[in-house]
Structure formats: C-alpha cells, structure tokens
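In: take this sequence and fold it.
(2 chains)
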Amino acid sequence: MSNLFSLQNQHHRVSAAALPIRLREVWHFLGYYHIQPEERVNALIDACIREAVAAATPQGIYSVFEIKQTDLEDTLDLTFAKVTSKDLSRNLAQCHHCVLFAATIGPKVDQLIMKASRLDPLKGCILQAVGAMLIESYCDLLNEQLRTDFASIGCALRPRFSPGYGDFSLNHQRDIFRSIRADKTIGLTLMDSQIMAPSKSVTAVIGIYQPEDKRTADYLPGCSLCDGCDKCSV
Amino acid sequence: MSDQRPNILEHIRNQITFFDGGTGSVLQELGLAPGELPELWNIDRPEEIISLHQSYFEAGCNIIKTNTFGANALKFKDEEGPYSLQTIVSAAVSHAREARRRAETGVPLQGTLSDSLKASAPLFGTPAAKRAHYIALDIGPTGKLLKPLGDLDFEDAVEIFAKTIRIGVSQGVDLVLIETMNDSLEAKAALLAAKENCDLPVFVTTVYDEGGKLLTGADPAAMTAILEGLGADALGMNCSLGPEQMMGIVPELVKYSSIPVIVNPNAGLPRSENGKTVYDVTPEDFAQLVTQIVSLGAHVVGGCCGTTPAHIRALVNAAQDISQHELTDKGISLIASYTHAVELGKKPVLIGERINPTGKKRFKQALREHDIDYIIGEGLKQQANGADALDVNVGLPEIDEPALMVDVVKELQAVLDLPLQIDTTDLSAMERALRIYNGKALVNSVNGKQEVMHSVFPLVKKYGGIVVALTLDEKGIPADASGRIEIARKIYDTAASYGISKKDIIVDPLAMAVSSDDTAALATLQALKTIHEEFHGNTILGVSNISFGLPQRELITSVFFTMAMQNGLSAAIMNPAAPEMMKAYTCFCTLSGYDTQCMGYIDYASRLTPVQTAPAFNASPAPGSIQPAASPQFEGAAQELSFAIQKGLKSQAEDATKRLLETTDSMTIINAYLIPSLDVVGKGFEAKTVYLPQLLMSADAAKAAFGIIKEKLASSGEAGEKKGTIILATVKGDIHDIGKNIVKVLLENYDFEVLDLGKDVPPETISSLCVKRHVYLVGLSALMTTTVPSMAETIKRLRAEAPWCKVCVGGAVLTQEYADMIGADKYCKDAMETVAYAQEIFKV
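Out: I've put the predicted structure just below:
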C-alpha cells in the first residue's frame, strides 16, 4: 500500500500571492451574474484584493482515512466518523479512501472585514466576496496538488464535499476537528455554533478511487446533488 | 539533586538552560492514534509518559513539559472519574515527578521508546542525573479563538486556563509554560490566569510565521511589550517553524526583551516516509542551528514538534559550553497594540486627543447615545492623519464610565491597530480597560498624590503599561521647574517600590496657559529638559494647553510644540488634524534625523499643495446611470444632493447638504430630498437595475449627508426627531453581521433610530432592551441554519415579554417558510424590504 494512504496531519501552506485571483467569482458573490461591475466598483474590488492578499495566510492540514462500508443504509465509516448521508454516499461511491482536509486564509482577513463592515459596508461586502474567492482558490490549489499526488499512484479524486452540503450534517464538524489538529497547526477553530473561526475556512472530504469509466472519472462538483446523469451533456 | 536545585530563573541567569523536545509527535511514534487525545495516556499508558520524560532528562535537558498541552476544561468536561481534568492533570504532574526521581536515582529507562527516538550518543559534561531538573506545567491554547474573531469570551478563557493551572500547581511543579499561542489576546488571558493563581515563574512562547508575525498579527516587539508588561518571567517562540526559519526572528526578541528568551523550534517541516511522519532536520543539524540561536542571545532552548531525545542530546552536547548573553534590562519603553509596538524616547510619538468629550458637543452626544461608530470614526480619522496612538477618554458625569470604556476599547481594538492610551480617573474603568486591552497601553494617569500612586501603580504592575505621571501632588502644581522635577523624582521612586521601572513611566511636566503666566512655557520646558537629560526619562505633554485664552491658538501651540520636542519631548497629546501642528512635527522630524532622505517631508509637502478641486457639478446624468425620469425634480443644491446620493458621491453629498442647510431646515432636507433620492436607488435595486455595491455607495453618500445634519443639530442643541426606533441584532451563535450592518445603514438613512446590539446576541439581551425602550420593531438576522433555532427562541421570548413588538427576520438561510415556522411577523429578503416594512410599521 502506498505511503499516501497513511498521511496524517500534513501541513500545507503557500504564500497568498501564489493564489490565482478569480475576478468573475468575486463579481458573482456581489450579485453581478451576467454583467460586469462599473469601473468604480471594479477599482474598489482591486483595492480590496490587494489588501486581502496582503493579510491572508493560506494554510491547510490533511489526513487520509480508509472508507469502510457499513450495514446501515447510506452510512459510511470514514474511520474518523460514521456518516449517514445519501449525498455523501453518492459522492464517495467506489471510493476506498478519502482525504479529510481543513483550510483557512487566516484571521487577519476577518480583521479587515470586521473593520470595513463596521464603517463602510460596501468595502465590507467586497472584502467578504474577495475572502470567499481566496479560500476557494486556495482549496482548489491544495486539491490540485492532492490530485497530482494521487495520480502518481493511479488514483483519482472526487470533488471535495463539505459538511453542510446536501444532507452531510454540519454536526460532523466536531468529528473533523477531533481528528485533525486544525487548531494547533493552522489556527482554525470551531465555535459552539459549529461555525468556524476564522470565517474564511473550509473543511471537506475528498474521495479517492481507482478510475474505471468516464462517468466517475469526470465527476463534477454538484454531480452528487443531481439526478440527471442520463441526460447529462456536461 | 532536588535539594540543591536552584530556582529556575537563577539557573537561566547562570547557564544555558535546555527544554525537552516534542511530546505529541513522539507519542504518535509510540502509537497514539489520529484523533486520540495525548492527555488520555496519562491515565491509560502512564509508563510511556514517564519514560518519555525520563528519556528527555537523560538526554540532558533541564526542563520537561507535563503532558497537559490540551488539558483544559473545554476538552475534559468530566467533573470526576478517571478522565476528569483533575485526574488527568494530577496524573501528568505525578508522572513528571516520577520521571525526575528515576532520572536522578539511576532507575534504568523502561524500553518503550523506539531506538530511533532514543539518544544513543553519549552525553558530555555533567552526568544527566546530576543536572538541575525542573517540571513545567504545560499550558497550550484552548482550541478556540477569542472574541471578536471567535466565540470565546476573554474572561471565560482566563477561567479555563485558571482551572488547569490551579490543579497543576497544587500537585507540585516548578514553573508554568504557556506555549504555542497563536493569538496575543489568548496569551494574555493565560498569563493573567497564571499570575492570578500561583507565585511560580511563568514562561510564555508564541507561534510566529515566516513573516515574523503571530496569526492574529503581533510582531516580536509587540509580544515582548505585552508579555513583559504582564509580568512573564521568560518569553519566546515555539512550533510551526524549524530552527533555520526562526533564526531571523530571534534578534528581534533579544533586542527588546529584558527577560530570558526561549526558542523551541520544530525539527523542520514534516513529510511522510514509509507511512510515518518524519521531520527533515536531523539531530546533528538541529544542534548546529540551535547553537547559532544561542549565540544570537537565546537563554533557554529546546525543541517542539518532531524533535526527540536524540535532538536534545545533540543540542545539549553542542551548546552547553557556549557563553550566553548577559541578561540586562534593555530599558526600551514600548507601548503596543495587537500588531505592533511604538517606542518612546526616539522619534516623538503623536497621541491623538480627539476621543475625548471635553468641549465637544457632538462627541458628548455620541457617548450618551452609545454611538460607537462615531467614536471609531474619530479614531480612524486620527490614524489617517498620522497619529501613532490614541487617547481614549469617555468620561461624562451621567454615564456608566467603566462599562462604556470597556465597550469602546473592545470596539476600537476590533477595527484599528494603534496602541491606546486609557485616559480616566475612574479606577474601575482603568482596571477593566487594561484587563481586556489586547496590547500594552499608555495609562493616563498617575500623579504625585500618595493616594493616587498607591491605587494606580498596582494596576500598572499587574496589567503592564506605561503610565503618564503628572507633576502635581497634594500641594497642587508647582509654579517652577524644580518643584515639578521633585514630584517626578517622588513618582519614580514610589513606582520603583512597586517594581515598576523608569522605562514604564512617562512624565508630564504640565503645559500651563502662557496667557496667565508669562513664564509658564519656560517652566514647563525647563522641567522637560531636566527629566530628559538628567533622569533620561520619557516625557509627554498635552501641548495645546499652552495657548489657552489666546487667539489663533494653533499658531503659538505649534511653536511651543517644536520647542518642547527640541527639549526632549517623547510624546504629545494633540490633534493630528491640526495643520500647523503637523507642519511643526514633520519639519522637526526631518531636521532631527528621523526622516530618511526627507521622504516623510516630501510626502507631507506634496499633500499640502492645493489639490485640484472636484469638477463642477454636472447635472446631466452619465450614460447608463439611473433613469432621470424616475428622479425627483429638484433645483440647485437640492438637485445636487439628489444626484450625489443616486450616484454615491460622498463629498458632493456633504457639500450639497452644507449649502442646503443655509436655507433649508434639517427635516425638510431629510424628508423632501434625501429620502426620495434614496427611494430612486432602492427601486432600482428592487428592479435589479442597481446592484448591491451601488446601493451601498448611495447609502454611504446619504450617511455622509446625515453626518452633516447631525453636526448641525448637535451644535444648535436641537434634537432630531426620529421616525421610529428599531432594534437590530444577529442572533446568538452567529457572528456574521455584514447583512445586518447593511440593513442598519439603510434604516439610518431613512432616519430611523437603530439600536444595534451587534452579533451573537442572547435572546434575553434583545428582549430586555425591547422592554426597557418599549421598542415596536426588532430585526433579527441569521446566516446559518444552525442558528435559526436561536432566532426562534428570541422570537418566543419577545412574544412573552414584549407582546407589542413586531419582529422581522432576514439573512442568508432565511426563507418565507422558515420565517413562518419560527413565528416571525415578516420575512424581509433584503435591506430595502426591511426599510419598507419599517415604514409600514411606523406609518411614515
């Protein structure tokens, strides 16, 4: 069995300057779907991106766990937790292991948002959107690295799936925080309400499988929430 | 050895002192499962824990850390039984003591450690058994972020740490080690807990990233100021980085710290090898690098994650004979915020004086109305104008000063990163503010009166701070310099008797009105000069007092300011928005060698050049702008205001409002111009022709216009009649408030009074305010499905206690169904709908 399957509490960090900036995503978060913001708003977005990138400290931590089937319906034993979820079960179908990861861009971006939203809600909104884009961008970067790592041993990865997606209960946040040392290593904590602090953070599982057919190999974000496989042209 | 064991601080003064290495990483090697709490092994696998400690002692280290890193009341909730906090911590200390006994009496090490971890190389010098051995009660972070970033209250954090410390100390440890702190405020909570619950030495190490900052922002100088101020006995860093990456940060700590510096690096970075996590720095390389760290001035060294007894053995062998840096009081006067320190005694420091009600009607009104935004706004303005620190004075006879002081300090430190000066004569306000302040504050003030000194100095000693010492006493203010110098001497001496050194005193020789005494300025300057030159002390002045009673005050104040700086003034309490003062300051700094290549001067001068005025108002709307057909038709300044609001042009809105106020009364401006113009934008937003950022820009312009109107009302003493009062809150458990803040801004734009309770607000706080003020409308926001029940509970409570009150709800997860389910009166899908509902309720 490859070493990759026994990875525990791997710490990952990159410079925020290395994160791809995805403007369109920021626009979407701000409500601009089929239209570009006007110049003034774009100038503000630019300024906010600069500030947020300077403040962000992207870090992640991940462990790999075995997935075992259970006798219960739609219930998987992910080693760190037994999870009953139809959507997650579909996402992890045919997966024998999963990566569990937690990622954050750090508390300093929250400080910026807090400062701005207090006195300048527009800037607060934009920073909020930029922060959301940055953490997504970082997760993609981290996931891409994992994808490459696992491809080297002939494995493919499913799209990440977070507690709160579909019927994957947010209550599993506790299991996640118990099993990886997110607080000590990357400063990510879970509040009593199960919300994470810093706020621009993600926890998720990523299924690992041996690719067989096109359908599973090309699995896309959202597939597990959609029943339209037969008619799908994506 | 136990009998001859010197006090740990004495040991550190005499020789390099060694910590042990990693605990968690070694336990994993011994089979600790992922997710298993290492502290459970204190109960389940005691022999492994004892062996681990013993093998570190045998490797040659002096201090071992108990296996209590995560032992806190949040993780171990049982009150009794085998896994209660009491049992876990007691067992941990007892294992450490047993390990020490075995190491000192020659009991052979039990063979649980794998060979790779064991120190196989021989130990040079004194045999391990004869070395001095200490036990540190290990205190790690709570695993929670403190408010406002997270949900843990500061005092709760103090109590969580206190519980573990009380148990550990009662079982017999030699010191307390607070380690792996990512956040300055949490480090402060832990240190306070230790100081309040034991007399043992307390060491604190924090985690720096490669940029030399804590995750929440503090740099080494700031941490040194904060921790030394709070009475830590040694400070430093651990975890996250390897010795090589720490190398650059060590000199910063050594430069500022007057107490021993601790450096406990990881064994480099982890990677996976044959299914195991290994670290990339070998014992030999580790020893070589950490030895360099000792040469840079660290007094206590050891290891963190990935380091093993082999690493420590190699280090002890390599470093034990190096001559260490002498421990000296650096005498550097630092104040600090949660990000950076400001040094007194070099370039003069500007302390913004504007957060103070004296003589300011608008500010008094803000205090009475608990208008924190206005106060924060004053702070941000001063920061933008160049203040290095901010004075905070919220004293008004009719308000609860301690409570307001705490609120204002908390809010200020949530949004701006300048060090604060806690300015109050109310001792309770002073203590409460110093306690929660995330930094090392200036304390304003003490004076030569015995009673005042004996009540203020204990606070400064406990919480840290640089205290402003006014040169007056029971006999008043001496007219001449020598009398004031005498008082300064008395204050220095009394402070010293409390253990407060000169570096933490800043003398105010008092600027008095030159209009009432021709020699007033001379006396002040003479006293200033003497304290600077003969005592090498720091000085501060509220410079503007000098010109009291004179015309064109800024003119003479600024020259006095220059004279004071020339005589050694360390800090001035002044208005950074006053141009003459900033001119004097900028020029002085340039002429005194504080301005590299005159860049500061050039920058300042370029900003003095009259800027091109904004282009004249052009009423013809730009292409793609809001349809003029929908706009109300106004003329002159009214038209300009309407346009500025619709286009979100803040300064134009302000200018137009000022001009309108010359001819039109406030209420007409609000009702006839401001609100109809906002309506145009609001309708555009509903029709999706205006996007959220534009709506917010318009709101901002309207807010600016309101600001002008408020100023006018405050100065004329009129009270504005509000359209109605609304409570807004993000419900308990939820800390997302951006949506709520947008609603607030818009409601205020429509001239409603908003009582903003903030985020994470318990139901009882909302209902009691609703009852107290008899409020007719409450707006609740929630972002997470998990906090909707908390919203339901709030509504239930409001129904029971304030049946007259209507409740509207909104937020990302809310839907009409949810709103119906939890019994809200109204679901508002966005801010504009909330405004419409408020107008309906208050029939405006």
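In: for B:Gly717, the count of nearby residues, please.
Out: Residues lying near B:Gly717 (other C-beta atoms under 10 Å in any protein chain shown) number 8. No exception for glycine: its C-beta is placed from N, CA and C like everyone else's.
In: equivalent analysis for B:Leu390, please.
Out: So B:Leu390, with other C-beta under 10 Å, has 27 neighbours.
In: for it, which non-adjacent residue is spatially closest?
Out: Spatial nearest neighbour of B:Leu390, chain neighbours left out: B:Gly352 (4.7 Å); criterion: C-beta to C-beta, 6 or more residues apart in numbering or on different chains.
In: and what of B:Ala782?
Out: Per C-beta to C-beta, 6+ apart, closest to B:Ala782 is B:Gly811, 4.5 Å.
In: neighbouring strands for the host helix or strand of the residue nearest to B:Leu390, and are they parallel or not?
Out: Using DSSP states H and E, B:Gly352 sits in strand B:349-355. Within its sheet, strand B:349-355 is paired with strand B:389-392 (parallel), strand B:571-574 (parallel), according to DSSP bridges.
In: ok, and what's touching that strand?
Out: B:342, B:363, B:375, B:378-379, B:381-383, B:385-394, B:408, B:418, B:421, B:442, B:540, B:542, B:544, B:570-577, B:585 (C-beta atoms under 8 Å, 6 or more residues apart in numbering or on different chains).
In: ok, now stretch B:509-521?
Out: B:470-472, B:477, B:479, B:481, B:484, B:488, B:523-524, B:527-528, B:531, B:539, B:541-550, B:556, B:560, B:563-564.
In: tell me how far the ends of it are from each other?
Out: End-to-end span of stretch B:509-521 (C-alpha to C-alpha, to the nearest Å): 10 Å.
In: and whichever helix or strand B:Asn317 is part of, what does it pack onto?
Out: Using DSSP H and E, B:Asn317 falls within helix B:309-319. Applying 3 or more C-beta pairs under 8 Å, 6 or more residues apart in numbering or on different chains; DSSP states H and E, one finds that helix B:309-319 contacts strand B:17-18, helix B:46-59, helix B:283-295.
In: got TSV for those, with mean pLDDT and mean neighbour count too?
Out: Formatted as TSV, the helices and strands packed on helix B:309-319 follow (pLDDT from 0 to 100; neighbours: other C-beta atoms under 10 Å in any protein chain shown):
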stretch	mean pLDDT	mean neighbour count
strand B:17-18	98	24
helix B:46-59	94	25
helix B:283-295	96	21
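In: report the contact partners of the nearest residue to B:Lys364 once chain neighbours are set aside.
Out: Leaving aside its sequence neighbours, B:Lys364 sits nearest to B:Pro357 (C-beta to C-beta, 6+ apart; 4.7 Å). Listed by C-beta under 8 Å, 6+ apart, the contact partners of B:Pro357 are B:Phe363, B:Lys364, B:Leu367, B:Asn393, B:Val394, B:Gly395, B:Leu396.
In: most neighbours among those, please name it.
Out: Busiest of the contacts of B:Pro357 [other C-beta under 10 Å] is B:Val394, holding 27 neighbours.
In: any idea of the pLDDT on the nearest residue in space to B:Asn545 that is not next to it in sequence?
Out: Once flanking residues are discounted, B:Asn545 sits nearest to B:Ala511: 4.3 Å by C-beta to C-beta, 6+ apart. pLDDT for B:Ala511: 96.
In: distance check, B:Ala511 against B:Ile546.
Out: Shown here: B:Ala511 relative to B:Ile546, a distance of 5 Å by C-beta to C-beta, to the nearest Å.
In: okay, and the common contacts of the two?
Out: Counting by C-beta under 8 Å, 6+ apart, the common neighbours of B:Ala511 and B:Ile546 are B:Ala520, B:Ala521, B:Thr524, B:Phe560.
In: tell me how many other residues crowd B:Leu269.
Out: Per other C-beta under 10 Å, the neighbour tally for B:Leu269 reads 16.
In: please apply the same query to the one 10 residues further on.
Out: Burial measure for B:Tyr279: 21 neighbouring residues, criterion other C-beta under 10 Å.
In: buried subset of the contacts of strand B:349-355?
Out: Buried by 16 or more other C-beta atoms under 10 Å in any protein chain shown: B:342, B:363, B:375, B:378-379, B:382-383, B:385-394, B:408, B:418, B:421, B:442, B:540, B:542, B:544, B:570-577, B:585, out of those.
In: now, the contacts of stretch B:509-521 that are in helices?
Out: Judged by DSSP state H, the subset of the contacts of stretch B:509-521 located in helices is B:Ala481, B:Arg484, B:Ala488, B:Ala523, B:Thr524, B:Ala527, B:Leu528, B:Ile531, B:Ile556, B:Phe560, B:Met563, B:Ala564.
In: hmm, the third one is touching B:Leu470, no?
Out: No. Distance between B:Ala488 and B:Leu470: 9.6 Å, which falls outside the contact criterion (C-beta atoms under 8 Å).
In: could you identify the longest helix within chain B?
Out: Identified as the longest helix of chain B according to DSSP H is helix B:692-716.
In: work out the gap between it and the centre of the chain.
Out: Put simply, helix B:692-716 sits 30 Å off its chain's centre (C-alpha atoms, centre = their mean, to the nearest Å).
In: so which elements touch it?
Out: The helices and strands touching helix B:692-716, judged by 3+ C-beta pairs under 8 Å, 6+ apart, are helix A:39-55, helix A:121-151, helix B:361-368, helix B:636-647, helix B:650-663, helix B:666-668, helix B:675-686, helix B:738-749.
In: for it, buried residues please.
Out: For helix B:692-716, by 16+ other C-beta under 10 Å, it's B:692-714.
In: what does stretch B:165-183 give?
Out: For stretch B:165-183, burial by neighbour count (16+ other C-beta under 10 Å) applies to B:165-169, B:171, B:173-183.
In: any part of that stretch near chain A?
Out: Yes. Contact of stretch B:165-183 with chain A is found when judged by C-beta under 8 Å from any C-beta of the partner chain, involving B:Thr180, B:Asn182, B:Asp183.
In: for the residue of the stretch 451-600 of chain B found nearest chain A, phi and psi?
Out: Residue nearest to chain A within the stretch 451-600 of chain B: B:Ala577 (17.4 Å; C-beta to the nearest C-beta). The phi/psi pair for B:Ala577 (degrees, to the nearest 10) reads phi -90, psi 0.
In: my guess is it contacts B:Asn385. True?
Out: Yes. Look at B:Ala577 against B:Asn385 with C-beta under 8 Å: they come within range, at 5.1 Å.
In: so A:Gly106 touches A:Ala54, yeah?
Out: No. Using C-beta under 8 Å as the test, A:Gly106 is too far from A:Ala54 to be in contact (11.5 Å).
In: which one of those two has more residues nearby?
Out: Legend: neighbour count by other C-beta under 10 Å for A:Gly106 and A:Ala54, higher for A:Gly106 (26 against 12).
In: ok, that one - contacts?
Out: Each residue near A:Gly106 by C-beta under 8 Å, 6+ apart is listed here: A:Ala55, A:Ala56, A:Thr57, A:Pro58, A:Gln59, A:Gly187, A:Pro198, A:Lys200, B:Leu215.
In: which of the residues you listed fall in helices?
Out: Per DSSP H, the contacts of A:Gly106 map to helices at A:Ala55.
In: just the ones of the contacts of A:Gly106 in strands?
Out: Among the contacts of A:Gly106, the ones falling in strands (DSSP state E) are A:Gln59.
In: could you flag which of the contacts of stretch B:509-521 are buried?
Out: Buried among the contacts of stretch B:509-521 by 16+ other C-beta under 10 Å: B:470-472, B:477, B:481, B:484, B:488, B:523-524, B:527-528, B:531, B:539, B:541-547, B:556, B:560, B:563-564.
In: hmm, back to that, would you turn the ones in helices among the contacts of stretch B:509-521 into a markdown table with pLDDT and distance to chain A?
Out: Shown next, in a markdown table, are the ones in helices among the contacts of stretch B:509-521 (pLDDT from 0 to 100; distance: C-beta to the nearest C-beta, whole Å):
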| residue | pLDDT | distance to chain A |
| --- | --- | --- |
| B:Ala481 | 96 | 44 |
| B:Arg484 | 97 | 41 |
| B:Ala488 | 98 | 39 |
| B:Ala523 | 96 | 43 |
| B:Thr524 | 97 | 38 |
| B:Ala527 | 97 | 40 |
| B:Leu528 | 97 | 37 |
| B:Ile531 | 97 | 38 |
| B:Ile556 | 96 | 35 |
| B:Phe560 | 97 | 34 |
| B:Met563 | 98 | 37 |
| B:Ala564 | 98 | 33 |
